[in-house]
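K.L.:
can't give you the sequence, but here's the structure:
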């Protein structure tokens, strides 16, 4: 069995295991056998309600969010040919955060908060795209610079909102900014975006491989570079918006996961993209399970756990690659 296929089997098993662990773990632990029985043969009752109404939606939301961030990170790293690119480098997260926090300040509910996040993200995307694609020309370097500058400005505005917001709202805002799945709604929309985005991205995998050689080389090989770049940008932006609306600003996943897959020896995008989705989903699901059980009944921001768990893991992978090279 080839390395990508072996990793695919391992990551798929890890994804299933992460969701299963999420169904078991909690302030009210449920034995594994009982979980299996309720999944295969749902029986109405307290355990059924805990599994299907509380833990399963949150576990699937965590998996969808992690997969979306990993997909967006892999696409942006290919688009920008920059190893430091992550889903938030284009200001999408900052725009969504500003919109969501402004909605919270006005006392809006969850639905209006998501609408505010969507509006803020859409404005950020429009600004970045509008300044990067002018007179029919697409400039990747202008795209990156615009995104970085816009993200810095939006970060300042978010800080201003936090400083001026009522104290009773600040804690909730900080949780949202650090990533929080406590109030994640139905994961169906995010899972739909994840499956659709992964399918479309996988269809463009050969083009992404050619794009990594440089624009000039890719054009000489017959690749329509500009349409592909716009498509990749759109897919990454939509994936980022869907993830941010679901769980707030969960950091590190989109940066670390594609790198981790590459460090394991996978570089072809037809394998890199789906493997990143599986690993990102499993990683965030496990991190969220730890976040809600470590100091239960208090819950921790999942974004803190992704950094605490992910940084040592990434350093270990980097050290292992250096020793083996």
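P.N.:
That came through, no problem. Everything numeric here is computed off the predicted structure, so don't read it as measured data.
K.L.:
correct me, but residue 155 touches residue 94?
P.N.:
Yes. With contact defined as C-beta atoms under 8 Å, residue 155 reaches residue 94; the gap is 5.7 Å. No exception for glycine: its C-beta is placed from N, CA and C like everyone else's.
K.L.:
between these two, who's got more neighbours?
P.N.:
Just comparing residue 155 and residue 94: by other C-beta atoms under 10 Å the higher neighbour count belongs to residue 94, 25 against 16.
K.L.:
quick one, what contacts residue 222?
P.N.:
Taking C-beta atoms under 8 Å, 6 or more residues apart in numbering, we find residue 222 in contact with no residue.
K.L.:
my guess is it is in a helix, correct?
P.N.:
No. Counting by DSSP: H, G, I helix; E, B strand; the rest coil, one finds residue 222 to be coil, located in no helix.
K.L.:
Check what pLDDT the spatially most central residue of the chain gets.
P.N.:
Nearest to the mean C-alpha position of the chain, counting by C-alpha atoms, centre = their mean, stands residue 69 at 1.9 Å. Listed pLDDT for residue 69 reads 95.
K.L.:
so where do the strands sit in the stretch 101-250 of the chain?
P.N.:
With DSSP state E, counting those that start in this stretch, the ranges of strands along the stretch 101-250 of the chain come out as 133-134, 137-138.
K.L.:
so what secondary structure elements neighbour the strand or helix carrying residue 19?
P.N.:
Secondary structure assignment for residue 19, by DSSP states H and E: helix 3-24. Secondary-structure packing of helix 3-24 (3 or more C-beta pairs under 8 Å, 6 or more residues apart in numbering; DSSP states H and E): helix 32-40, helix 56-80, helix 269-293.
K.L.:
and the second one, what does it pack onto?
P.N.:
If I follow you right, that is helix 56-80. By 3+ C-beta pairs under 8 Å, 6+ apart, helix 56-80 packs against helix 3-24, helix 140-164, helix 188-203, helix 205-211, helix 225-247, helix 253-263, helix 269-293.
K.L.:
Name all residues that make contact with residue 86.
P.N.:
For residue 86, the contact set (C-beta under 8 Å, 6+ apart) comprises 73, 76, 251, 254-255.
K.L.:
Tell me if I am right that it is in a strand.
P.N.:
No. Judged by three-state DSSP, residue 86 forms no part of a strand; its state is coil.
K.L.:
Need the pLDDT of it.
P.N.:
On pLDDT, residue 86 comes in at 84.
K.L.:
One more: the one 10 residues further on?
P.N.:
On pLDDT, residue 96 comes in at 88.
K.L.:
Please, which helix or strand holds it?
P.N.:
Here residue 96 sits within helix 92-105, counting by DSSP H and E.
K.L.:
circling back: relative to helix 32-40, how tilted is the helix holding residue 19?
P.N.:
Orientation note: helix 3-24 sits at an angle of 100 degrees relative to helix 32-40 (axes from the mean of the first three to the mean of the last three C-alpha atoms, to 10 degrees).
K.L.:
what's the distance between residue 263 and residue 279?
P.N.:
11 Å (C-beta to C-beta, to the nearest Å).
K.L.:
Give me the more crowded residue out of those two.
P.N.:
Remark: of residue 263 and residue 279, residue 279 carries more neighbours, 25 against 15, as counted by other C-beta under 10 Å.
K.L.:
Isn't the more buried one up against residue 262?
P.N.:
No. In this structure, residue 279 is not within contact of residue 262 by C-beta under 8 Å, at 11.4 Å.
K.L.:
contacting residues for residue 103?
P.N.:
112-113, 115-117 are the contacts of residue 103 under C-beta under 8 Å, 6+ apart.
K.L.:
Which one (most neighbours) among those residues?
P.N.:
When the contacts of residue 103 are compared by neighbour count (other C-beta under 10 Å), residue 117 ends up highest, at 26 neighbours.
K.L.:
before we move on, the earlier item: so which of the helices and strands packed on helix 3-24 is nearest residue 166?
P.N.:
Among the helices and strands packed on helix 3-24, the nearest to residue 166 by C-beta to C-beta is helix 269-293 (25.7 Å).
K.L.:
got the contact list for whatever helix or strand comes next after the closest one?
P.N.:
Next helix or strand after helix 269-293 toward the C-terminus (DSSP H and E): helix 302-324. The contact list for helix 302-324, computed with C-beta under 8 Å, 6+ apart, reads 62, 178-181, 247-253, 256, 259-260, 263-264, 283-284, 286-288, 290-291, 294.
K.L.:
Thanks a lot, see you next time.
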